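sequence unavailable; structure follows:
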């Protein structure tokens, strides 16, 4: 495993260390790795959502009313 040294203000260092006090994380490195994993997952979800929005815009607009769209969605969900 690679090593990375980071500098934190005392308040942040205290916060990180307090997160390991309850035993959920083995140490500060474990906590920081979890934060990085969560951030990567969050960014992947955001990217996927942005791609879906881009696809939706590229597909054009429907002439259907909101009621018609909702009815179609309900029917599709029931199948």
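That came in fine, so what should we check first? Because the structure is predicted, anything quoted here is derived from the model rather than measured. Residues are numbered from 1 along each chain as shown.

could you use CA atoms for every contact and neighbour count after this?
Fine.

how far does the host helix or strand of residue 57 sit from its chain's centre?
Element membership for residue 57, per DSSP states H and E: helix 28-59. The chain centroid and the centroid of helix 28-59 are separated by 4 Å, computed with CA atoms, centre = their mean, to the nearest Å.

on contacts alone, who are the packing partners of it?
Using 3 or more CA pairs under 8 Å, 6 or more residues apart in numbering; DSSP states H and E, the elements in contact with helix 28-59 are helix 10-19.

can you name the residues in contact with the helix it packs on?
Outside helix 10-19, the residues within contact range by CA atoms under 8 Å, 6 or more residues apart in numbering are 25, 27-28, 31-32.

residues near residue 15, how many?
11 (other CA atoms under 10 Å).

look up how far residue 25 lies from it.
Counting by CA to CA, to the nearest Å, the gap from residue 15 to residue 25 is 13 Å.

which one among the contacts of helix 10-19 gets closest to residue 54?
The closest of the contacts of helix 10-19 to residue 54 turns out to be residue 32 (CA to CA; 32.8 Å).

find the nearest non-adjacent residue to that closest one, please.
residue 16 (7.9 Å; CA to CA, 6 or more residues apart in numbering).

per-residue pLDDT of the one you found, please?
For residue 16, the model assigns a pLDDT of 95.

how near is it to residue 50?
32 Å.

residue 9 too?
Counting by CA to CA, the gap from residue 9 to residue 50 is 34 Å.

between these two, tell me which one has more neighbours.
Higher neighbour count among residue 9 and residue 50: residue 50, with 12 against 7, using other CA under 10 Å.

tell me the pLDDT of that one.
Here the pLDDT value assigned to residue 50 is 98.

spit out the contact partners of it.
By CA under 8 Å, 6+ apart, residue 50 has no neighbours at all.
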